[in-house]
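Q: I'd like to go over a predicted model; first the sequence, then the structure.
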Amino acid sequence: MITDSVPLPIEFLPCESQGTIVEMCGRPCQVQRLEELGIRQGCKVRMICRGEPCLICIEGRRISLRLGESAEIFVVPSAG
Amino acid sequence: MAPSIDASKATRTVALIGNPNTGKSSLFNALCGMNARVGNYPGVTVEQKVGRLVGSSMNVDVVDLPGTYSLAARSADEAVTVNVLSGELANQAAPEVAIVILDATNVERNLYLFSQMYELGLPLILVLNMWDRVESEGLHVDADLIAKRLGVPVICTSANRRRGVNELRVAIESALNGKQLPVEASRSSRALYPEAFLEESKRLAAWLETQGHRLPSYRVDRLIIDSDGHFQKMLCQSGVSEISKHIEESRERLAASGCRVPMFETKVRYGWIRQLIDGAVTRKESRSASPSDRIDRWLTHRWVGMLVFVLIMFLVFQSITLVAEWPMKRIEELQGIASSAVEAVVPSGALRSLLVDGVISGVGAVVVFIPQIAILFFFIAVLEDCGYMARAAFVMDKLMSSVGLSGKSFLPLMSSFACAVPGIMATRTIENRKDRMVTLLIAPLMSCSARMPVYILMVSAFVPATRYLGGWVTLQGMVLMMMQSLGAIVAIPVAWLLKKFFFPGEQATFLMELHSYKWPSMWVVYQRVWERVISFVGRAGTLIFCTTILVWAAGYFPADHSKLDTAVGNLEKLQSQQSELVAKSEQAKGAEDESAVQAKVQELQVEVDQALASVNALRSDMIESSFLGMFGHRIEPLVRPLGWDWKIGVATIASFPAREVIIATLGTIYSLGSDENEESLSLQSQMQQAKWPDGRPVFTLATSLSIMVFFALCAQCSATLMTIRRETNSWRWPLFSFAYMTTLAYVGAWLTYQVFALWG
């Protein structure tokens, strides 16, 4: 069962549920690109469409991503 | 009334910059009207768009820079942006003021670019665009507080509704009049950089100065932050080869002191942004899905999304065949009227032949396709502007990733459906070089608008006009859609092979923002359609016109036309005598000499028929013995396996500079060689009546399909090959494209003909 404290890769976030980004790792320039687009630690994300690529919503913006091996984003799902 | 512009005043320059999808183009249009000059920056293929500020008493040029999230200079676009801003581009004055446009509903993320702009030391104006959506999205933005904290004017606009544009114009003028000072360095986010980094930046700047390169601090910072970035490459190319070693050493020292490059930059900038907007921007927490989210759940769905995409494309091509029929017929009628008018005025001879067979039949045959081009671009513009195209890229990413590309390649490929030249140029947004090369090499396979006239001509003439489902679905529309998608389908294995054998590497990543759906702006749609139609007509008037004249000359000379001219003169005389006599016989009805007149009419009819037969025989002889005929017969063995006669072969070879030329050359060839009484017929009916010497029709379903397949796959466009040469900076790749596409086209056309000839 998913609890609040266990971070999980963003692609495991169920559709329509929210989470908070707790860690981003991978190739530095790729992570920097993500941050320039507004995807960064502490941000709340909502999953709109799961899969590869997935569609997430961050601060009202929809961003599609498929990062492959280059970077990984970990989130903690919000309760409820 | 608009203030008059004093031409003697010097031209001042301001730059417009912002993230993609912030309404930058709408704001540019609102500021400059329709008079933008579009070109390329010297030496690079980044689009340069400059407009004159309207309604201002000063001469102000507004430079629209490419939309970007950051000035990190990782791609050619971003590097040009930084070079323009620092005035380092030849023939381009440095802007005196920069207008930074932000999406007011997403201030925090958009301020990232602004924080970089703030370090350049230029006077800035901050524009909060889409202001009308702030309240509806549950936001509160205190523009005055932000202006006070930044020390720059903040203007709120809704560019698509032309709101706030006057205030911005006034702000630009007052900034240019020196009423606004450059930003203070102490307020910028650079002041928050770690001490160790600032030390390293100073050290590197000092070393560069000893090498004869005095760079502003912003560019030195970027050298250290962006690994293998654009500026580093530029310096290496200009002979400072040791730069890489110095940068590496700086990074190692920074890593040892605990400063993580490049990660610290985003942390510092977002920290600065957080301080700046603290208490100035508040957002209501919303967990519910917006209407865009609800639409997206379906349109980005794995299967439903793909189905919707195919359905939309299906509707687009069906409507092209259904809607364009009427205007096309009207243009053909005008062509007939023009031919008759010329024949009535110009006596039989070379000039008449040049005008009727060369200009009117040749160029006219191309102009007929303006309605289709306009309809296709109308749909592309609407789909792009409402936000659907980005969703299509998302859906297509799955397909693209299976051949090693990403959804990012989809948009350049989609614009190649309009024209491969902007499509190839759009591959600049793909950061990964290998992905970019593969995309660029398969882009010319996408069915561009110049192929459409060929398909429509063949489809409407040789595919049965069968209709299904109560007339709403046509067989012709379906064949048209198949032809339009053929290149894209062939591109899949081609991309896979290129990726596997020429550009091996790891799977490309996909990262793209999808903006909210909106109603398409009719102004933007109108502009796109107009631009494309004008460029299509422009090509018809220049390149196609010249090729047509050459083909006409090759088809007219060296034969002696005096016999034909005499025969035509004789025929016309007989015809006019005949019509006079017919009129006389009408009057003579019931009179005594009625039978005598009737006998004369019949006598004359025999003479007219004989004259007509000799004119037709002469016309056919003339084209066979012309340069074109001689050359055509020489190459006929090469095109025979494709089911083509020498006329199609010649027309195809003449269309290698630009594929739509085939319509014009076929128009000219068939008009020159056609029977006299068929001359006024449309190209379509002349083709339907074309026969082999043994009486079989030249054009069958198999022949027309083989022609279409050849045109779908062949690299018949000098502009595209030149663009590939420019973008790759080598002749190798245009030659490669030409060779692989021509081979594919020949083999594809041969297979098609053989299969359909057996079947049909």
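A: Nice, thanks for sending it over. Note that this is a predicted model, so its numbers are computed, not measured. Numbers count the residues shown, from 1 in each chain, chains lettered A, B, ... in the order given.
Q: Which element, helix or strand, includes the nearest residue to residue A:49 once chain neighbours are set aside?
A: Nearest non-adjacent residue to residue A:49, counting by C-beta to C-beta, 6 or more residues apart in numbering or on different chains: residue A:55, 4.0 Å away. Bear in mind the C-beta positions are built from the backbone N, C-alpha and C, glycine included. Assigned by DSSP states H and E, residue A:55 belongs to strand A:54-58.
Q: Let me see the mean pLDDT of that strand.
A: Strand A:54-58 shows a mean pLDDT of 90.
Q: hey, where'd the strands end up in the stretch 101-250 of chain B?
A: Ranges of strands within the stretch 101-250 of chain B are B:124-129, B:139-141, B:154-156, based on DSSP state E, counting those that start in this stretch.
Q: hey, which of the ones you listed is tucked in deepest?
A: strand B:124-129 (a mean of 24; mean count of other C-beta atoms under 10 Å in any protein chain shown).
Q: Which neighbours in the sheet does that one have, and how are they oriented?
A: strand B:97-103 (parallel), strand B:154-156 (parallel) (DSSP bridges).
Q: Report the mean per-residue pLDDT for it.
A: 94.
Q: And for it, what's in contact with it?
A: B:18, B:22-24, B:26-27, B:97-104, B:107, B:114, B:117-118, B:141, B:143, B:146-147, B:150, B:152-159, B:164, B:168, B:171-172, B:175, B:180, B:183 (C-beta atoms under 8 Å, 6 or more residues apart in numbering or on different chains).
Q: per-residue confidence at the residue nearest the centre of chain A?
A: Among the residues of chain A, the one closest to the centroid is residue A:10, at 4.1 Å (C-alpha atoms, centre = their mean). In this model, residue A:10 is scored at 90, pLDDT.
Q: show me what contacts the closest residue to it other than its chain neighbours?
A: Excluding its sequence neighbours, the residue lying closest to residue A:10 (C-beta to C-beta, 6+ apart) is residue A:73, at 4.3 Å. By C-beta under 8 Å, 6+ apart, the contact list for residue A:73 reads A:9-10, A:21, A:23-24, A:34, A:39, A:67.
Q: Point me to the helix or strand that includes residue A:73.
A: strand A:71-77.
Q: on that earlier part again, what pairs with the strand holding residue A:55, parallel or antiparallel?
A: By DSSP bridges, strand A:54-58 pairs with strand A:44-49 (antiparallel), strand A:61-66 (antiparallel).
Q: which intervals of chain A have sub-threshold pLDDT?
A: A:1-5, A:80 (pLDDT under 70).
Q: Contacts for the strand ranked longest in it next, please.
A: Criterion DSSP state E: the longest strand present in chain A is strand A:18-26. Residues from elsewhere that reach strand A:18-26 (C-beta under 8 Å, 6+ apart): A:7, A:10, A:13, A:31, A:34-35, A:39-47, A:67, A:70-78, B:287.
Q: got the angle for it vs strand A:44-49?
A: Using axes from the mean of the first three to the mean of the last three C-alpha atoms, to 10 degrees, one finds that strand A:18-26 and strand A:44-49 are set 90 degrees apart in direction.
Q: May I have the strands that pair with strand A:18-26, each with its orientation?
A: strand A:44-49 (antiparallel), strand A:71-77 (antiparallel).
Q: Now distance to residue B:422 too, for those strands, in CSV please.
A: Shown next, in CSV, are the strands paired with strand A:18-26 (distance: least, C-beta to C-beta, whole Å):
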stretch, distance to residue B:422
strand A:44-49, 30
strand A:71-77, 31
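Q: Quick one: closest of these to residue B:265.
A: Proximity to residue B:265, assessed across the strands paired with strand A:18-26 by C-beta to C-beta, is greatest for strand A:71-77 (16.4 Å).
Q: Look up the closest residue to residue B:646, ignoring the ones flanking it.
A: Closest to residue B:646 by C-beta to C-beta, 6+ apart is residue B:632, at 3.3 Å.
Q: Give me the mean pLDDT for the helix or strand hosting the one you found.
A: If you go by DSSP H and E, residue B:632 is part of helix B:627-639. Mean pLDDT, computed over helix B:627-639, is 87.
Q: gap between that helix and the chain center?
A: With C-alpha atoms, centre = their mean, to the nearest Å as the basis, helix B:627-639 stands 34 Å off its chain's centre.
Q: Run a quick neighbour tally on residue B:337.
A: Using other C-beta atoms under 10 Å in any protein chain shown, residue B:337 has 11 neighbouring residues.
Q: Equivalent analysis for residue B:616, please.
A: 18.
Q: mind listing what residue B:604 touches?
A: Contact analysis of residue B:604 by C-beta under 8 Å, 6+ apart lists B:574, B:577-578, B:581.
Q: Check residue B:463 too.
A: Residues in contact with residue B:463, defined by C-beta under 8 Å, 6+ apart, are B:475-476, B:479, B:701, B:704.
Q: which one of those has the most neighbours?
A: Of those, with other C-beta under 10 Å as the count, residue B:704 tops at 26 neighbours.
Q: if I read this right, that one contacts residue B:460, doesn't it?
A: No: applying C-beta atoms under 8 Å as the test, residue B:704 and residue B:460 come out as separate, 10.2 Å apart.
Q: Can you dump the C-alpha atoms of stretch B:453-461 in CSV for me?
A: Provided in CSV are the C-alpha atoms of stretch B:453-461 (Å, rounded to 0.1, in the frame of the first residue of the first chain):
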residue,chain,number,x,y,z
PRO,B,453,-1.9,19.4,-57.2
VAL,B,454,-0.3,16.2,-58.7
TYR,B,455,-2.5,13.9,-56.6
ILE,B,456,-5.6,16.0,-57.2
LEU,B,457,-5.1,16.0,-60.9
MET,B,458,-4.5,12.3,-61.1
VAL,B,459,-7.2,11.4,-58.6
SER,B,460,-10.0,13.5,-60.1
ALA,B,461,-9.1,12.3,-63.6
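Q: Can you give the contact residues for it?
A: By C-beta under 8 Å, 6+ apart, stretch B:453-461 touches B:321, B:324, B:366, B:368-369, B:372, B:476, B:479-480, B:483-484, B:659-660, B:662-663, B:683-685, B:687-688, B:699, B:704-705, B:707-708, B:711.
Q: what's the offset of it from the middle of its chain?
A: The answer for stretch B:453-461 is 22 Å, by C-alpha atoms, centre = their mean.
Q: Likewise for stretch B:554-563?
A: 40 Å.
Q: Quick check: mean pLDDT of that stretch?
A: On average, stretch B:554-563 scores 78.
Q: if we can go back for a sec, burial check on the residue nearest to residue A:49, number of neighbours?
A: 23.
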